[in-house]
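Asker: no sequence on this one, just coordinates:
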């Protein structure tokens, strides 16, 4: 397509990405350029984001729950390893089922109502787990929890991306990532001092708070504009930007973009048109690499990994929790300064190193060489992995997903991407215990290999979306 980029480079790639990964918009496309570069972070915007990310916390808590609860559940309910593996992985079945509906529901009833529905499923799921007396109710609760957090994984980053001005979007959407890490860390820390039933009840509290909170926050102005509620979308935008803010240009940009999009009854086959090949490849590719890089397995079964290496599971998971949160916070602060791509590249390199060190420690133990250092090497490897994961690969794929799809295809595309993530998550979480029994070192060397493959994928395909409005990004990605 030999188009000249705004930086003067030849964007011969059909994906319209410059050699530095920045989106390039050819002349004449009609992308609007908003001048809303200094919109303030109003109290309403902060409150709306805080309510939304309660769902992110629940996602992290659900993933982190099994590690501290494993020994208590297996002892109290007399579960075998295979039965606990079913419990650990059945949440991903809920994710898979939820992925079929989350995008469509969010498009049909709006972002706020979708969050409220997710809260109901999660509350029921947590309580079913807390009061279970056998494996069937325990698994049912975990299944419902997976269904609910699937909705959160899609709608929370989408809602935040749609309500924030572009100068804050990176930092605000990164709170999704921070709260996931805090959710995992909280389960590790609290789970070390209370039993698994009480821990499940604690997990339901943020869902209840969010369910109440969604009644006090505005709907996404872009969703309101999409369904033709013009007065309401302008009122929501003004509410978010402040009563004295000039929203005329931003409102016009949203309206102009909506008017250029052909809305029709979409079906999943439309996603496989050539113009959507690039965003689909980027979003699904990041999800596959995230999951097959071992993220869910390591977070879910961290305690077992430490104990297998001869290290205290409780000490290891608490140390991991304490270390991961501040690193994730640093990543969020750097997101709008350095962009998505550099943090993804650094994150991939760090997770590769972390998995390699864990694999090396198990290999040395198998070879009866330097066995005394193996537990420490596992701790260092897991900490490097956890910190690097929180820095980028944990949340940035979801952020990018929320940015790159045009609004009329966002529901279908989001469902597809979430479905791919759920399938990969189920494969890894169910097979991990068996892989660990087969070859502990080989399992982590496989994870390390996937992590290293993430680097060329990001370098070659993932665009930089920092500092662009959603309308600019989506126009460039689907030309």
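Answerer: Alright, I've got the coordinates. Everything quoted here is computed from the prediction, not taken from an experiment.

Asker: show me the shaky parts of the protein.
Answerer: Where the chain drops to pLDDT under 70, the residues are 1-40, 259-269, 478-479.

Asker: strands of that one, residue ranges please.
Answerer: With DSSP state E as the criterion, the chain has strands at 3-4, 10-11.

Asker: from residue 392, how far off is the residue lying closest to residue 419 once chain neighbours are set aside?
Answerer: Nearest residue to residue 419 in three dimensions, chain neighbours excluded: residue 99, at 3.6 Å (Cβ to Cβ, 6 or more residues apart in numbering). Every residue, glycine included, has its C-beta placed from N, CA and C. With distances taken as Cβ to Cβ, to the nearest Å, residue 99 is found 23 Å from residue 392.

Asker: does residue 177 touch residue 396 like I think?
Answerer: Yes - here residue 177 reaches residue 396: they are 7.1 Å apart, a contact under Cβ atoms under 8 Å.

Asker: leaving out the residues flanking it, which one is nearest to residue 426?
Answerer: Using Cβ to Cβ, 6+ apart and skipping the chain neighbours, the partner closest in space to residue 426 is residue 92 (3.5 Å).

Asker: same thing with residue 76?
Answerer: Using Cβ to Cβ, 6+ apart, the nearest residue to residue 76 is residue 196, at 7.5 Å.

Asker: what sits against that neighbour?
Answerer: 68, 69, 72, 73, 76 (Cβ atoms under 8 Å, 6 or more residues apart in numbering).

Asker: including neighbour count and distance to residue 154, could those go into CSV?
Answerer: Listed next are the contacts of residue 196 as CSV, based on neighbours: other Cβ atoms under 10 Å; distance: Cβ to Cβ, whole Å:
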residue, neighbour count, distance to residue 154
68, 26, 27
69, 23, 26
72, 15, 32
73, 24, 29
76, 14, 34
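
Asker: how far away is the residue nearest to residue 419 from residue 93?
Answerer: In terms of Cβ to Cβ, residue 99 sits 11 Å off from residue 93.

Asker: between these two, tell me which one has more neighbours.
Answerer: residue 99 (24 against 19; other Cβ atoms under 10 Å).

Asker: residues in contact with the more buried one?
Answerer: 150, 154, 415, 416, 418, 419, 421, 422.

Asker: cutoff 7 Å now
Answerer: Residues in contact with residue 99 (Cβ atoms under 7 Å, 6 or more residues apart in numbering) are 150, 415, 418, 419, 422.

Asker: doesn't residue 151 make contact with the third one?
Answerer: Right, residue 418. No - in this structure, residue 418 is not within contact of residue 151 by Cβ atoms under 7 Å, at 9.0 Å.

Asker: quick check: neighbours shared by these two?
Answerer: In contact with both residue 418 and residue 151: residue 102, using Cβ under 7 Å, 6+ apart.

Asker: grab the nearest non-local neighbour of residue 381.
Answerer: Spatial nearest neighbour of residue 381, excluding adjacent residues (Cβ to Cβ, 6+ apart): residue 357 at 3.2 Å.

Asker: what does residue 436 give?
Answerer: The nearest residue in space to residue 436 (Cβ to Cβ, 6+ apart) is residue 443, at 5.7 Å.

Asker: all helices of the stretch 351-479 of the chain, in order?
Answerer: Using DSSP state H, counting those that start in this stretch, the helices found in the stretch 351-479 of the chain span residues 374-388, 396-404, 410-438, 440-461, 470-477.

Asker: out of the ones you listed, which comes closest to residue 291?
Answerer: helix 410-438 (3.6 Å; Cβ to Cβ).

Asker: mind giving me the packing neighbours of that closest one?
Answerer: helix 81-99, helix 102-109, helix 135-163, helix 277-292, helix 295-300 (3 or more Cβ pairs under 7 Å, 6 or more residues apart in numbering; DSSP states H and E).

Asker: tilt between it and helix 440-461?
Answerer: For helix 410-438 against helix 440-461, the angle by axes from the mean of the first three to the mean of the last three Cα atoms, to 10 degrees is 150 degrees.

Asker: and helix 410-438, how far out from the chain's middle?
Answerer: 13 Å (Cα atoms, centre = their mean, to the nearest Å).

Asker: residue contacts, the residue nearest to residue 74 when sequence neighbours are not counted?
Answerer: The shortest distance from residue 74 to any non-neighbouring residue, by Cβ to Cβ, 6+ apart, is to residue 84 (5.5 Å). The contact partners of residue 84, taken as Cβ under 7 Å, 6+ apart, are 70, 73, 74.

Asker: ok, back up a step: what's the neighbour count on the residue nearest to residue 426?
Answerer: When neighbours are counted by other Cβ under 10 Å, residue 92 comes out with 26.

Asker: re earlier: of the helices of the stretch 351-479 of the chain, which is nearest residue 255?
Answerer: Short answer: helix 470-477, nearest of the helices of the stretch 351-479 of the chain by Cβ to Cβ, at 10.1 Å.

Asker: distance from the chain centre to the closest one, please.
Answerer: Distance, stretch centre to chain centre, for helix 470-477: 21 Å (Cα atoms, centre = their mean).
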